[in-house]
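Trainee: below are the sequence and a predicted model for it; my questions follow.
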Amino acid sequence: MPRTQSVCGEKRGDFVENLKKEDLRVRKTKEAIHNAFKAMICDMDFEQITIKELTQRARINRKTFYLHYAGLEDLLAELQEEIAENFIRRQVSYGNMKDIREMIRVFFETAANMPLFHERMMCCDSYQPIWEKINKRIMDHRRKTNRGVFGLDECAENLVFAYYGANSTILYRQWVADGKKLPLEELIEVATSLICNGMASVVPDGRALSGSGA
């Protein structure tokens, strides 16, 4: 009996160890796919990316790729979620103008320090439809977690969130297009002034300061 238990224990240990090795192989394979995909985003438009070249760069065969993804769109969707989560996990509030200014700073500091492939997704024309989906994911979350903060009806609040989400991206894209010549702090200062002048008309303490009423 003791020997049987020992053998069973050894088999169980081997099984767990094999699972760990398998998990490690899967992680390494997916990491290789992701790294190759991100590098290709930096080098070319999405329409030029092929599974053939992707698998060559990742040093895997096509069969291995299809074990993990149905196609490039499936891989892209996973990457979109990764980028969106990078912004979503940063807790923000639209409750007062101080929060709005801090949120603007967080956005531009995060965007300015993101990897090149992320910047390409946001700023390159060919990736703009893809970024719009990412931005929608982010702003849908912001609307859900901040619903009612402006004291407006739902349709009016949707306009406010659309205004903030669109203008932040537009200003960042222009900064990149200009070669990032303006220091980041000046970019944040200008963006804060432009965005807050509009947001002040709907944020409660902004309305009070501007004297524009409800």
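Mentor: That came through fine.
Trainee: ok, and for the helix or strand that Thr192 is a member of, which residues are buried?
Mentor: Assignment of secondary structure by DSSP states H and E places Thr192 within helix 184-199. Using 16 or more other Cβ atoms under 10 Å as the burial criterion, the residues of helix 184-199 that qualify are Leu187, Ile188, Ala191, Thr192, Ile195, Met199. In this view, the C-beta of every residue, glycine as well, is placed from N, C-alpha and C.
Trainee: could you chop this protein up by domain?
Mentor: Domain assignment of the chain by automatic domain parsing yields the ranges 2-69, 82-209.
Trainee: wait, which of the ones you listed is closest to Leu75?
Mentor: With Cβ to Cβ as the criterion, Leu75 lies closest to domain 2-69 of the domains of the chain, at 4.7 Å.
Trainee: so what's the closest residue to Thr169 other than its chain neighbours up against?
Mentor: Counting by Cβ to Cβ, 6 or more residues apart in numbering, Asn135 is the residue found nearest to Thr169 once chain neighbours are left out, at 6.2 Å. For Asn135, the set of contacting residues under the criterion of Cβ atoms under 8 Å, 6 or more residues apart in numbering consists of Gly165, Ala166, Thr169.
Trainee: now, those residues that are in helices?
Mentor: Residues from the contacts of Asn135 lying in helices, with DSSP state H as the criterion: Gly165, Ala166, Thr169.
Trainee: state the number of residues packed around the residue nearest to the first one when sequence neighbours are not counted.
Mentor: Residue nearest to Gly165 in three dimensions, not counting chain neighbours: Met139, with 4.2 Å by Cβ to Cβ, 6+ apart. Other residues within reach of Met139, judged by other Cβ atoms under 10 Å, total 19.
Trainee: in this structure Met139 contacts Tyr163, no?
Mentor: No: taking Cβ atoms under 8 Å as the contact criterion, Met139 and Tyr163 are not neighbours in contact, 10.3 Å apart.
Trainee: out of the ones in helices among the contacts of Asn135, which end up buried?
Mentor: Using 16+ other Cβ under 10 Å as the threshold, Gly165, Thr169 are the buried ones among the ones in helices among the contacts of Asn135.
Trainee: export the ones in helices among the contacts of Asn135 to TSV and tack on pLDDT?
Mentor: Putting the ones in helices among the contacts of Asn135 into TSV (pLDDT from 0 to 100) gives the following:
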residue	pLDDT
Gly165	87
Ala166	90
Thr169	92
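Trainee: how close does Ile138 get to Arg90?
Mentor: Ile138 sits 10 Å away from Arg90, going by Cβ to Cβ, to the nearest Å.
Trainee: tell me which of those two has more neighbours.
Mentor: For the pair Ile138 and Arg90, the greater number of neighbours falls to Ile138 (21 against 11), based on other Cβ under 10 Å.
Trainee: mind showing which ranges of this structure have poor pLDDT?
Mentor: In the predicted model, the chain carries pLDDT under 70 at residues 1-22, 202, 205-214.
Trainee: rerun that using 50 as the cut-off
Mentor: Within the chain, the ranges that satisfy pLDDT under 50 run 15, 19, 208-214.
Trainee: show me where it has helices.
Mentor: 2-43, 51-58, 62-68, 72-88, 97-112, 116-123, 128-146, 154-177, 184-199, 204-210.
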